[in-house]
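Novice: Requesting a structural model of the entry that follows:
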Amino acid sequence: MSEHNTTKKEYGFLIDASRCIDCRACLVACSVENEVPNDVTRIWIKETGVTGQFPNLARSSAPYHCMHCDDPSCVSACTVGALQKSDDGIVTYDQDRCIGCRYCMYACPFEVPNFEWDVQLPLIVKCDMCVSRLGAGESEPACAATCPTDAIMFGEKSSMLAQAHQRIASNPDKYVDHVYGETENGGTATFYVSPVPFEELGFPTGGTVSPAYSNRLVTHGTPAVAGTVAIGLSGIYLTIKRHHEESLNVGVENEGETAVSHTPDETAEE
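Specialist: Residues are numbered from 1 along each chain as shown. Next comes the predicted model:
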């Protein structure tokens with residue numbers, strides 16, 4: 001069972017793969033909203049590729065991001081509290097706390113957290129449901145607000161799940177009879193309906209029980225071990241960060257000295 005307070009209204013997504021046209025407007029919106037390059041977005045596309053034989057060809061796709069689990073495996077595996085589950089169902093991420101240990105990547109059954117491999121001090125990249133955008137009064141995350149076909153819908157979690165079941169019941173020949181995310185990993189706040197099996201879209205197939213409880217036995221049930229790991233990894237990260245900053249400062253100083261060395265000697269000119 002999740003430990004967060006369930007009395008507060010929880011948010012959720014309903015994503016309909018039958019409506020996705022792979023325009024990738026959601027990726028652009030996420031990039032703009034978070035002020036990061038397109039290849040560092042918190043959302044990407046899962047797709048089947050082209051199937052069938054000409055002229056009867058088909059292709060299905062769906063936007064894919066953090067599932068915002070009811071009892072998140074990533075949160076339970078994080079030893080420094082960089083990942084948290086809020087009362088409104090959002091799994092938030094604090095990069096100032098993150099030490100780049102990647103435990104969350106190993107723990108997540110949905111393969112969601114990404115690592116910034118191309119930067120010198122890499123951290124985790126993950127969808128946070130545009131929590132700052134919602135906090136500023138916007139009605140929905142950037143991806144949902146931008147989607148031109150309403151493939152991404154956002155609202156109260158219970159409503160999103162009800163709509164998912166309603167679509168399947170109303171169009172049994174159109175959708176696979178399963179709401180992905182309802183039971184996976186113990187339940188999530190991101191629900192999918194699809195015209196093709198989710199395995200064909202490349203969705204992970206996992207169990208219906210979250211390993212978060214077992215993770216907590218290790219990371220929180222044994223404080224001495226968890227504390228030692230967190231302190232050790234934090235020390236390594238901060239040491240690397242300090243050396244990186246010092247090297248940048250030395251580089252700036254060297255550039256300044258080089259610039260001075262090319263300045264004409266006024267005494268010589270006299």
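Novice: mind checking which helix or strand residue 75 is in?
Specialist: Element membership for residue 75, per DSSP states H and E: helix 73-77.
Novice: mind listing what the very next helix or strand once past that helix pairs with, with the direction of each?
Specialist: Once the chain leaves helix 73-77, the next helix or strand it forms, by DSSP H and E, is strand 83-85. Note on strand 83-85: by DSSP bridges, its sheet partners are strand 91-93 (antiparallel).
Novice: List the buried residues for the helix or strand just after the partner strand?
Specialist: Sequence order places helix 103-107 as the next helix or strand after strand 91-93, per DSSP H and E. Under the neighbour-count criterion of 16 or more other CB atoms under 10 Å, helix 103-107 has 103, 104, 105, 107 buried. For every residue, glycine as well, the C-beta is placed using N, CA and C.
Novice: check contacts around residue 59.
Specialist: When contacts are counted by CB atoms under 8 Å, 6 or more residues apart in numbering, residue 59 is found next to 22, 47, 48, 49, 50, 51.
Novice: Report pLDDT for it.
Specialist: What the model reports as pLDDT for residue 59 is 93.
Novice: ok, now residue 93?
Specialist: Per-residue confidence (pLDDT) for residue 93: 95.
Novice: surely it meets residue 80?
Specialist: No - counting by CB atoms under 8 Å, residue 93 stays clear of residue 80, with 11.6 Å between them.
Novice: Please say which of the two ends up with more neighbours.
Specialist: Ranked by neighbour count (other CB atoms under 10 Å), residue 93 and residue 80 place residue 93 first, with 24 against 19.
Novice: is it true that residue 144 touches residue 152?
Specialist: Yes - counting by CB under 8 Å, residue 144 does reach residue 152; the two are 4.5 Å apart.
Novice: Comparing the two, which shows the higher neighbour count?
Specialist: residue 152 (27 against 22).
Novice: Run through the bridge partners of the more buried one.
Specialist: The partner residues for residue 152, given DSSP bridges, come to residue 15.
Novice: all strands of the stretch 51-200 of the chain, in order?
Specialist: Using DSSP state E, counting those that start in this stretch, the strands of the stretch 51-200 of the chain run over residues 51-53, 56-58, 61-64, 83-85, 91-93, 114-115, 124-125, 152-156, 190-193.
Novice: Residue 170: what's it in contact with?
Specialist: Here residue 170 is in contact with no residue (CB under 8 Å, 6+ apart).
Novice: Quick check: it vs residue 144, distance?
Specialist: 22 Å (CB to CB, to the nearest Å).
Novice: Tally up the residues packed near residue 109, please.
Specialist: The number of residues near residue 109, taken as other CB under 10 Å, comes to 18.
Novice: Show the pLDDT at it.
Specialist: For residue 109, the model assigns a pLDDT of 93.
Novice: Please apply the same query to residue 253.
Specialist: pLDDT, residue 253: 55.
Novice: One more: residue 210?
Specialist: In this model, residue 210 carries a pLDDT of 85.
Novice: For the closest residue to it other than its chain neighbours, grab the count of nearby residues.
Specialist: In space, residue 210 comes closest to residue 186 once its chain neighbours are excluded; the distance is 3.6 Å by CB to CB, 6 or more residues apart in numbering. For residue 186, the count of nearby residues is 21 (other CB under 10 Å).
Novice: wait, isn't residue 186 in contact with residue 110?
Specialist: No - contact criterion CB under 8 Å: residue 186 and residue 110 do not qualify, at 12.0 Å.
Novice: so who does residue 92 touch?
Specialist: Contacts here follow CB under 8 Å, 6+ apart; on that basis residue 92 touches 83, 84, 85, 86, 128, 131.
Novice: residues touching the fifth one, list them.
Specialist: With contacts defined as CB under 8 Å, 6+ apart, the neighbours of residue 128 are 42, 66, 90, 91, 92, 93.
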